[in-house]
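A.B. asks: have a look at this fold, sequence not included:
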């Protein structure tokens with residue numbers, strides 16, 4: 001009889017579109033494998049809940065554990081316990097404070113931040129005739145690696161241009177509805193905004209919706225990160241003119257499942273400790289082709 005493997009996945013928050021896309025793709029790929037039972041736990045953006053869920057998984061002794069950490073510090077120790085229990089453990093696209101994992105599959109958020117920063121500089125040059133203007137940064141959950149590095153990468157670029165001012169940095173925890181509320185507050189206090197840089201697409205879209213309600217959406221360019229396919233994803237929002245650009249933050253699921261299946265089926269296989277997947281900038285000139293490609297691939 002064919003061996004059935006048990007894979008446990010602790011997802012930090014099912015509510016974000018990016019997370020839902022991760023879940024759907026992981027379920028699809030493991031289903032296609034035919035010999036894996038996948039169980040997904042939703043931490044609902046709650047550190048203590050995620051730690052408790054991982055503790056439960058450790059007791060259940062899965063053949064492999066995947067964790068998308070809600071926050072770095074909170075998940076470090078419990079993932080160390082999984083490693084001590086000899087459970088192959090993957091860190092999925094968010095890091096932790098210590099390398100308590102078998103393999104870390106991710107993209108380079110610092111590079112994405114730099115790409116976004118340079119795109120914003122170019123847009124300001126085009127709009128104002130010089131690399132100068134007012135920027136609103138819509139920040140994700142503070143303390144998360146993606147938020148920290150998308151912020152740092154962009155600011156590294158902005159620091160070269162004294163005419164660029166960040167006039168507000170509201171925190172919206174990756175959530176579109178929160179971003180809309182925070183942006184409404186910013187719009188009431190800031191008469192001149194050139195660019196809104198959302199650290200993910202839902203926050204950039206939330207900011208756009210707030211500006212549209214107040215009749216100011218044509219005054220500024222909205223930039224996001226995630227670049228999901230599908231009718232609600234960032235790539236379609238670039239096609240529709242809602243976002244000026246987005247940057248594909250790979251789901252990292254394809255590579256994670258590929259490595260996981262090799263490990264499950266071949267105990268001698270040793271994966272790389274750090275696996276990095278490149279990002280792609282999505283602007284209107286490439287968005288339609290990329291959208292079609294992802295649609296064909298089922299993403």
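C.D. replies: Yes, it's here. Quick caveat, the model's predicted, so the values are computed rather than measured.
A.B. asks: residue boundaries of the helices in this structure?
C.D. replies: Using DSSP state H, the helices of the chain run over 17-33, 47-60, 72-84, 109-128, 145-158, 176-189, 201-213, 234-239, 253-265, 284-296.
A.B. asks: adding mean neighbour count and distance to residue 98, write those out as JSON lines.
C.D. replies: Yep, even glycine has a C-beta here, placed from its N, CA and C like the rest. Formatted as JSON lines, those follow (neighbours: other Cβ atoms under 10 Å; distance: least, Cβ to Cβ, whole Å):
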{"stretch": "helix 17-33", "mean neighbour count": "18", "distance to residue 98": "23"}
{"stretch": "helix 47-60", "mean neighbour count": "17", "distance to residue 98": "15"}
{"stretch": "helix 72-84", "mean neighbour count": "18", "distance to residue 98": "5"}
{"stretch": "helix 109-128", "mean neighbour count": "20", "distance to residue 98": "19"}
{"stretch": "helix 145-158", "mean neighbour count": "20", "distance to residue 98": "13"}
{"stretch": "helix 176-189", "mean neighbour count": "18", "distance to residue 98": "30"}
{"stretch": "helix 201-213", "mean neighbour count": "25", "distance to residue 98": "29"}
{"stretch": "helix 234-239", "mean neighbour count": "25", "distance to residue 98": "32"}
{"stretch": "helix 253-265", "mean neighbour count": "20", "distance to residue 98": "20"}
{"stretch": "helix 284-296", "mean neighbour count": "14", "distance to residue 98": "35"}
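A.B. asks: can you tell me which of those has the worst average pLDDT?
C.D. replies: Lowest mean pLDDT of the helices of the chain: helix 284-296, a mean of 88.
A.B. asks: ok so, going back, the helices of the chain: which one's closest to residue 6?
C.D. replies: When the helices of the chain are compared by Cβ to Cβ, helix 47-60 sits nearest residue 6, at 7.4 Å.
A.B. asks: other residues contacting that closest one?
C.D. replies: When contacts are defined by Cβ atoms under 8 Å, 6 or more residues apart in numbering, helix 47-60 is touched by residues 6, 8, 10, 12, 39, 41, 43, 65, 67, 69-71, 74-75, 78-79, 81-82, 85, 87.
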